[in-house]
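Q: sequence first, predicted coordinates after that:
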Amino acid sequence: MLKRFDPFAVLALVGIPGAAATVFFYAPLERTMGVVQKIFYFHLGLAAAAFLSFFVACVAGVLYLLRRQRVWDERGTAAVEVGVLFTTLVLLTGSIWGRPIWNTWWTWDPRLTTSLILWFIFTACLILRSAVEQEEKRAVFCAVMAIVGFVDVPVVFLSARLWRSIHPTVIRSEGIALEPAMIVTLAVSLAAMLILWRALFRLRCSIQRQENTLLDLQQQLQR
Amino acid sequence: MTLPRQILLLYRKDLRVEVRKKESLIAMAFFGVLIMVILNLAAGLDRRLQAEPAAGVLWVAILFSSVLGLGRVFAREKENNCVAALLVSPLSPGALFAAKALVNFTLMSFSELVLVPVFFALFGAGLQPGLPVLLLLLALVNIGFSAAGTLLSALAAGTRRNEVMLPILLYPLCLPLVALAVKATGAAFGGRPMTEIRDLIESMAAFGLIYAAAGYLLFSHAVREA
Amino acid sequence: MERATYLILAYMILWVGIAGYLTWLSGRQRQIARRLEELNAQIKRREVRS
């Protein structure tokens, strides 16, 4: 039986408003950027969750090809879909942040380029999914595409170095260039976003599982 | 049969089909030249481009035309139901991938024999040809593009909308390769020495290696379902 | 307060995006429930017939 409440969903319901409150009431105002800087906390959380999502999709793809168990296809689907959603939000929020700060909606900075290319690859994966009807074939194709897409990441990074960067590097190897209160806020919103990701991921998995079971039942009934 | 022999056998079979029917190569070269003529008209009366936009024109023509050939190589097997036959035969799927990738590589190289001279005729004014560098870059892009393209054309051939799916799947993956190629070629056309673009060339080689390995490993899964 | 507009816009898009996704998911969930109901009805009809 399905559990009524996913603990992660409950946590997300508490965590997201909590993180928002921390961002707006606890975090100090940044001196040069002002209020716009408050976009950054959730922006970074989203970006981390999106990247994690694509990594999960790749791992799920490998495990599906090795074991051919339906669970891995369900997880892969959920990861790709939530990852594309989060990357879309990362690109949009980042672009809105860039407009007042850099005076442009878009610039060919390494990080922006990388997110955009990943967005293209995994959206292609979603389109591929909608183009195949047979379940097993669809699962194999999406697994291959997710692996191939994630394998592209190192080259995307290498090629993205071509463009000069104006993106702020907040987390460097020497440490974090932020005030302590800001670091706390960042950690809270990052945790909240990861919990939200997990909740959405599980929700999407369970829906996919139900749809698959339903299809099985229908086929059994027709026989 | 050893792996190289298997590959050679399949490679010669596909080339023979291509030589008899000539369906891919003519279409590729024709479409590529057409793209360059259109872009030349768009460049205006002056017809003089900076090194980097000119490099962009060359790669747009090459990559958009070669996707025509990539799709055909696999769709041909599919239409005649030969995929099943190839899989039942004692040939390994890895050999099948290598042979198809080599065919695509060859087709791209031959169409470039037409496209590159036409490019220099239309856009060549004020560009340094830098032939050895250009040949190296062409080879690297051909390797990367044909490796990734062969794997994805097996996927695309299994979907309902074959012709639409291949570019949708392939171009996002090849975006970094194209970006590197445009930068490197632009530098070469600008007359800068090879040492300056060494790390670009290394990244392009890495792309080729990654997709050759990924294709070799994943092709068997993709082709069994196609 | 030009900049506050950007902040509000960004957070609006963020929450609208996530809410939209959740709405879409709940739509799918409802569809599953409906199909399950249909399936149940089908099974019942068969049992009555046999």
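A: Nice, thanks for sending it over.

Q: low pLDDT regions in chain A?
A: Applying pLDDT under 70 to chain A flags the ranges A:1-4, A:161-177.

Q: could you do chain B as well?
A: Those would be B:45-47, B:226, if you go by pLDDT under 70 across chain B.

Q: try it again at 80.
A: Residue ranges of chain B with pLDDT under 80: B:1, B:43-49, B:75, B:78-81, B:124-130, B:161-163, B:191-196, B:225-226.

Q: what about B:L155, which helix or strand?
A: For B:L155, the host element (DSSP states H and E) is helix B:131-157.

Q: which parts of chain A sit against chain B?
A: A:65, A:117, A:120-121, A:123-124, A:127-128, A:131-133, A:136-137, A:140-141, A:143-145, A:147-149, A:151-152, A:154-156, A:158-160, A:162 (C-beta under 8 Å from any C-beta of the partner chain). In this view, the C-beta of every residue, glycine as well, is placed from N, C-alpha and C.

Q: are any of those residues buried, and which?
A: Neighbour counting with 16 or more other C-beta atoms under 10 Å in any protein chain shown marks A:65, A:117, A:120-121, A:123-124, A:127-128, A:131-132, A:137, A:140-141, A:143-145, A:147-149, A:151-152, A:155-156, A:158-160, A:162 as buried within the residues of chain A next to chain B.

Q: the residues of chain A next to chain B in strands, which ones?
A: Judged by DSSP state E, strands contain none of those.

Q: what residues are up against the residue positioned nearest the centre of chain A?
A: Residue closest to the average C-alpha location in chain A (C-alpha atoms, centre = their mean): A:A50, at 1.8 Å. A:A50 makes contacts with A:83, A:86-87, A:90, A:115, A:118, as judged by C-beta atoms under 8 Å, 6 or more residues apart in numbering or on different chains.

Q: one step back: what packs against the helix or strand following the helix holding B:L155?
A: Following helix B:131-157 in sequence order, the next helix or strand is helix B:162-189 (DSSP H and E). Of the remaining helices and strands, those touching helix B:162-189 by 3 or more C-beta pairs under 8 Å, 6 or more residues apart in numbering or on different chains; DSSP states H and E are helix A:110-131, helix A:135-151, helix A:153-160, helix B:51-79, helix B:131-157, helix B:198-225.

Q: tilt between helix B:162-189 and helix B:51-79?
A: Here helix B:162-189 points in a direction 150 degrees away from that of helix B:51-79 (axes from the mean of the first three to the mean of the last three C-alpha atoms, to 10 degrees).

Q: list the buried residues of helix B:162-189.
A: Within helix B:162-189, the residues scored as buried using 16+ other C-beta under 10 Å are B:162, B:165-189.

Q: ok, now stretch A:55-65?
A: Of the residues in stretch A:55-65, A:56-65 count as buried by neighbour count, 16+ other C-beta under 10 Å.

Q: tell me which residues of the helix or strand A:L85 falls within are tucked away?
A: According to DSSP H and E, A:L85 maps onto helix A:70-102. For helix A:70-102, burial by neighbour count (16+ other C-beta under 10 Å) applies to A:70, A:72-101.

Q: same question, stretch B:32-40
A: If you call a residue buried by 16+ other C-beta under 10 Å, then stretch B:32-40 has these buried ones: B:32-33, B:35-36, B:39-40.

Q: how much space between B:N162 and A:V148?
A: B:N162 sits 18 Å away from A:V148, taking C-beta to C-beta, to the nearest Å as the criterion.

Q: get me the contact residues on chain C for chain A.
A: For chain C, the residues in contact with chain A (C-beta under 8 Å from any C-beta) are C:2-4, C:6-7, C:9-11, C:13-14, C:17-18, C:21-22, C:25, C:28-29, C:32, C:35-36, C:39, C:42-43.

Q: just the ones in helices from the residues you listed, please.
A: Judged by DSSP state H, these include C:2-4, C:6-7, C:9-11, C:13-14, C:17-18, C:21-22, C:25, C:28-29, C:32, C:35-36, C:39, C:42-43 as members of helices.

Q: can you select the buried ones from these in ChimeraX?
A: Burial among those is assessed by 16+ other C-beta under 10 Å; the matching ChimeraX selection reads:
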select /C:6,7,10,11,13,14,17,18,21,25,35
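
Q: give me the nearest residue to the closest residue to chain C within chain B, chain neighbours excluded.
A: Ranked by C-beta to the nearest C-beta, the top residue of chain B for proximity to chain C is B:P172, at 21.4 Å. Nearest-residue entry for B:P172: A:F120, 3.7 Å, with adjacent residues in sequence omitted and distances by C-beta to C-beta, 6 or more residues apart in numbering or on different chains.
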